[in-house]
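Participant: Just to be clear, the model below is a prediction. Sequence and coordinates:
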Amino acid sequence: MNCAKGHMRSHTIKAILLQPHWVVFSLVGVFFFFFALDRGGTNVFIWSSGVFLLIHTVNGSYRIGNIPLNLRVLSAVAAILVMMSLVFSYEHTGIDRIVRIGKMLIIVFSIHFIGRTETARHAYALFGMVLTVSIIWQFLARTLFAMPYGTWSNPHYLANVAVLSLPLVFYYFRTVPTPYNILFALLAVADIDPVFRNASRPAFLALVVSSLFVITFFTRSRYRWIGLLAVIGSLILLSTTNYAGFFEKLKELIANVSNEERVTIWRYSLTMLLDNSPQAWFVGNGIGSTLEILPKYAIPGTFYESFSFPHNFFLQILFENGLIGSVLVFGGLAHLLYQFIKLSHTAVDPSVHLFVNCMMAAFLNCLIFTGLTVGFYSKYTLYPLAFIIGTLFVMLEKSQNGS
C-alpha cells in the first residue's frame, strides 16, 4: 500500500516537473530580468531553464538524438572554441566567458524545446506582454525615477535594448488589431528616445543599416517604397529638427572621425594583433585574453587603459580565437543570416514573412551595435543572440515540417 502511494507520489512529481510551462516561466524570467531589471536574477532563471531542460532530456520527450543539425553544429562550434582556448591558452582564458557560452546554449536549447510544445501557441501574446512591460519599465525608470540610463549603468546598454526591441515593436504594431496597435506606436517612441538623448551613434547606425537592408531586399510590393520613404523621411525630420541635439553630434563625429575613441582603440588593438605569435594567429590567445593584454597597448596615462576589448568583433575574435576561430564564428554568423534570407524568400504567410524580416533586422542590429560597443563574449552580446538564434531554429524547423 505504502509502495503504491510512494509510486503515485513519485509519478505525480515527475508529471509536474515535466510540464513545459516551467521552461516558459524560466525564459520569461531571463528576458524580464535581463532587459527590464538588469539584475542577477537573470542567472538564476538561466540555470533554472537548464535544470528543467535536463529533466525533459532525461525523463521526457526531448532527446539529444532528435535535435536538429543546426543545434548540433552550434554546440560543436562552441565546444571547439572553448577547447582551443583551454588547451592552447589556459592561463589567458576567462572562465566567466566560458560559462557565458554555456548559458547562451541553455537559452537556445530552451527556446527550441518550447517551440516543439503546445505552449508555443501562446508565445505571440506572452512575448508581446513581456516586451511591453520591459519597455514601459525602462521608460518609467528614466522619467519618474530620474535614472538617465533606465535600470542600466551605461547608456550603451539601454541603447542595446532599443535596437533589439524596436523591430519587434514594429511587428506587433503591424499585426495587432486597431486600436491596440497605437500602444506599440507609443512604445516605439519611448524605446528610441534614449538613443537620441544619449547620442548612441552605434545604435543609430545599426537601426539605419538594418532597416535599409531589410526593406530594400526583402520587403515585397509597395511596402518596400513606403518603408524606404519612411526611413528617408525620418532622417530628414531628424536633421531638420536636430532632436535632442543628436544631428549636431553626428556631424561632429563625421568631422572628427579620425580622432574618435573607437578609431583610437582600433589602432592600438591592431598593434596588439600584429604582435601575435605564429601559433596565436591560428588558435588565438584565449577567450577573454584582451581583458589582460589590451590595456598594455593603450596610450599610457589615459583613460584608454581602462578598455579591455577592442570594440570591434573582427579584431577581438581574430586575437582571442585565431584564424580557425574566426572562420567558425563569422562563418556561423553568415550561415545564420543566410537562413534568415532563405526563410524570408520562402515565407508565404504575410505575418510570418514580416516576423522573419523583423527578426533579421534584430539580428543585424545586435551584430552591428554590440560589435562596436561591447565584447563578443559579453552577456550583452551572447544572451540576445541566444534568443534570436533559438527563435530562428524554431522557425527553420517549422518551415521544414510545413507548419
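Facilitator: Structure received.
Participant: what about stretch 44-53, distance to the chain center?
Facilitator: With CA atoms, centre = their mean, to the nearest Å as the basis, stretch 44-53 stands 19 Å off its chain's centre.
Participant: per-residue confidence averaged over that stretch?
Facilitator: When pLDDT is averaged over stretch 44-53, the result is 95.
Participant: which residues touch that stretch?
Facilitator: Around stretch 44-53, the neighbours that count as contacts under CB atoms under 8 Å, 6 or more residues apart in numbering are 17, 22-23, 26-27, 29-30, 33, 62, 103, 106-107, 109-110, 113. To be clear about C-beta, it is placed using only N, CA and C from the backbone, and glycine gets the same treatment.
Participant: Among the residues you listed, which ones are in helices?
Facilitator: The helices, defined by DSSP state H, take in 17, 22-23, 26-27, 29-30, 103, 106-107, 109-110, 113 from these.
Participant: any idea which of the residues you listed is least confident?
Facilitator: For the ones in helices among the contacts of stretch 44-53, the pLDDT minimum is Leu17, 73.
Participant: least trustworthy helix or strand in the chain by mean pLDDT?
Facilitator: When the helices and strands of the chain are scored by mean pLDDT, DSSP states H and E, helix 2-17 comes last with a mean of 61.
Participant: Need the ones in helices among the contacts of stretch 44-53 in a markdown table (columns: distance to Ser399 and neighbour count).
Facilitator: Output for those, formatted as a markdown table (distance: CB to CB, whole Å; neighbours: other CB atoms under 10 Å):
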| residue | distance to Ser399 | neighbour count |
| --- | --- | --- |
| Leu17 | 31 | 14 |
| Trp22 | 27 | 18 |
| Val23 | 22 | 25 |
| Ser26 | 26 | 24 |
| Leu27 | 22 | 27 |
| Gly29 | 29 | 19 |
| Val30 | 25 | 26 |
| Lys103 | 27 | 20 |
| Ile106 | 24 | 22 |
| Ile107 | 21 | 27 |
| Phe109 | 19 | 26 |
| Ser110 | 20 | 28 |
| Phe113 | 18 | 26 |
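Participant: of all these, which comes closest to Lys296?
Facilitator: Lys296 lies nearest to Lys103 out of the ones in helices among the contacts of stretch 44-53, by CB to CB, at 29.5 Å.
Participant: That closest one touches Phe34, doesn't it?
Facilitator: No: between Lys103 and Phe34 there is no contact under CB atoms under 8 Å: 10.9 Å.
Participant: Now list whatever residues contact both of the two.
Facilitator: When contacts are counted by CB under 8 Å, 6+ apart, Lys103 and Phe34 have 379, 383 as shared neighbours.
Participant: so which two of the contacts of stretch 44-53 are the farthest from each other?
Facilitator: Phe33 and Tyr62 (24.2 Å).
Participant: Can you get me a residue count around Glu91?
Facilitator: Other residues near Glu91 number 8, with proximity taken as other CB atoms under 10 Å.
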